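**Student:** A predicted structure for the sequence below; I have some questions about it.
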Number of protein chains: 2
Amino acid sequence: MTTEVSVDLSPLGLSILELLNERPMHPYELAATMRERHHDEFIRLNFGSLYHTVDSLERAGWIVPAEKEKEGNRPERTIYRLTDSGRAIFLQVVSEIIAQPRREYPYFSAGLMFMHHLGAATASQLLELRAQALQAVSAKLSHILDELLAGGHTRLTLIELEHKIATIEAERDWVRKIAKEITEGKLEWRAGIDSGHERLRRKHGAGAN
Amino acid sequence: MTTEVSVDLSPLGLSILELLNERPMHPYELAATMRERHHDEFIRLNFGSLYHTVDSLERAGWIVPAEKEKEGNRPERTIYRLTDSGRAIFLQVVSEIIAQPRREYPYFSAGLMFMHHLGAATASQLLELRAQALQAVSAKLSHILDELLAGGHTRLTLIELEHKIATIEAERDWVRKIAKEITEGKLEWRAGIDSGHERLRRKHGAGAN
DNA sequence: GACCGACTACTTGACGCCGGATATCAGCGT
DNA sequence: ACGCTGATATCCGGCGTCAAGTAGTCGGTC
């Protein structure tokens, strides 16, 4: 069990390291390759943070400028390559991300927290709308997945897509279930002691994530 | 169907509006109340962004300073109250969040994308670790939920907790399933045409979300 | 064959939000 | 007196977002 202190490295940083492990590239090419491979579906990508992240990877010594090219009068481009420490940190961070769930704050949680301020009928309709939207996304992603598998990709390299589909379908089912409970009156539409001016006074372990 | 342009309002902003709907408060009290009610489990809260968010809510006219208090030599505190437009925007944004899923970029997706750079045995162990961690979180949250229900809260006001538990359990099951497939060799540990230097050239609709 | 416009390649800069650290004072325990 | 903890707010550096800026390239037009 490695018990090292958690390194701070964004998903975008990871992706850069992975690409540079393949071959040296300049930042723009990194972005183009990520798009080509649909990595930007799962990792937030835009040019601003790309260059910024590349800088900070360089400062950390995980990548180094390998060469500067100048074609015609275009802006000079810097080609980076991965260092050994970069390779090491990549594997370490990937391992940590997989092994250790981290607290995330999805928007939908906030929506649910405040759902009781809406009427029951409205809420149930909105949930049904969400379920339909999720269904559409799921169908689209499934289609893409099938195509890619048919095109010679392995499940292993598309596992994040498989995961996203599973996640979305689970959410869709949960949302439908709740919408149904609301319309059937099985989810009582009444606030408890914590609502309105009533304040919760009891103590209970404030659980972390 | 309201077809208004999407307003930009963070979950923290929503939470502030909700609290001020109950009664006027000053920012520090907002934070304390959110903590008391465990809202910070689902909404990212820290003082920096709290004051910032309050400012921007004021600029938007959704809240207004109601009064300034000064006790002894302490910093002056400003008490805010909700306006009518604030009340309206709150309901609108909650509805939008519920009805419309939005693209999110969880860390775990990135971990999965790069999992194939680890060995099969390692990956499967790490996934099992994650499953255990998820199990622990799920147990803790379930316990809290039971306590709160027993304490007089309704399911309706705890629905986001119920949702989080369902989500975590679904992920736990998925992770275990994949770990099992790996150890049984059912998830072929081999990269396809998109790996290494091989570059993907085929076209396929770049699906959004 | 010279010019125009649209498109791609490539980077930088300005600006705003976020989170963590810090400052200040009160009250309380010892 | 001393030092903690709690109350209350602000500050600053980093990171992300968006958009502008400059060069080449390609396709068409008179």
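**Tutor:** Good, I have the coordinates. From a predicted model like this one, the values you see are computed outputs, not experimental measurements.
**Student:** Going by C-alpha atoms from here, please, whenever you check contacts or count neighbours.
**Tutor:** OK.
**Student:** In chain A, what residue spans correspond to helices?
**Tutor:** Ranges of helices in chain A, per DSSP state H, are A:11-22, A:27-36, A:47-60, A:84-99, A:107-113, A:120-150, A:159-183.
**Student:** which stretch among the ones you listed comes nearest DNA strand D?
**Tutor:** Closest to DNA strand D of the helices of chain A, according to Cα to the nearest atom of the strand: helix A:47-60, at 3.0 Å.
**Student:** Enumerate every residue touching A:W62.
**Tutor:** Residues counted as contacts of A:W62 (Cα atoms under 8 Å, 6 or more residues apart in numbering or on different chains) are A:L82, A:T83, A:D84, A:S85, A:G86, A:R87, A:I89.
**Student:** Which of the residues you listed ranks first by neighbour count?
**Tutor:** Sorting those by how many neighbours each has (other Cα atoms under 10 Å in any protein chain shown) puts A:L82 first, at 25 neighbours.
**Student:** ok, it touching A:N21?
**Tutor:** Yes: look at A:L82 against A:N21 with Cα atoms under 8 Å: they come within range, at 5.9 Å.
**Student:** Which residue, other than its chain neighbours, is closest to the most centrally placed residue in chain A?
**Tutor:** Relative to the mean C-alpha position of chain A, the nearest C-alpha, by Cα atoms, centre = their mean, is the one of A:F42, at 5.2 Å. If the residues on either side of it in the chain are set aside, A:F42 comes closest to B:Y105, at 5.7 Å by Cα to Cα, 6 or more residues apart in numbering or on different chains.
**Student:** Any residues of chain A in contact with DNA strand C? List them.
**Tutor:** Those residues of chain A that sit near DNA strand C, judged by Cα under 7 Å from any atom of the strand, are A:H26, A:P27, A:Y28, A:E29, A:F47, A:G48, A:Y51, A:R74, A:P75, A:E76, A:R77, A:T78.
**Student:** residues near the second one, how many?
**Tutor:** Just to be clear, that refers to A:P27. Neighbours of A:P27 using other Cα under 10 Å come to 19.
**Student:** before we move on, what about the fifth one?
**Tutor:** Applying the criterion other Cα under 10 Å, we find 11 residues in the vicinity of A:F47.
**Student:** now swap in A:R77 and tell me
**Tutor:** Look at A:R77: counted by other Cα under 10 Å, it has 15 neighbours.
**Student:** same question, A:E29
**Tutor:** With neighbours defined by other Cα under 10 Å, the count for A:E29 comes to 13.
**Student:** and the helix or strand of chain A with the lowest mean pLDDT, what does it pack onto?
**Tutor:** In chain A, no helix or strand scores lower on mean pLDDT, DSSP states H and E than strand A:63-69, which sits at a mean of 84. Judged by 3 or more Cα pairs under 8 Å, 6 or more residues apart in numbering or on different chains; DSSP states H and E, strand A:63-69 is in contact with helix A:47-60, strand A:77-82.
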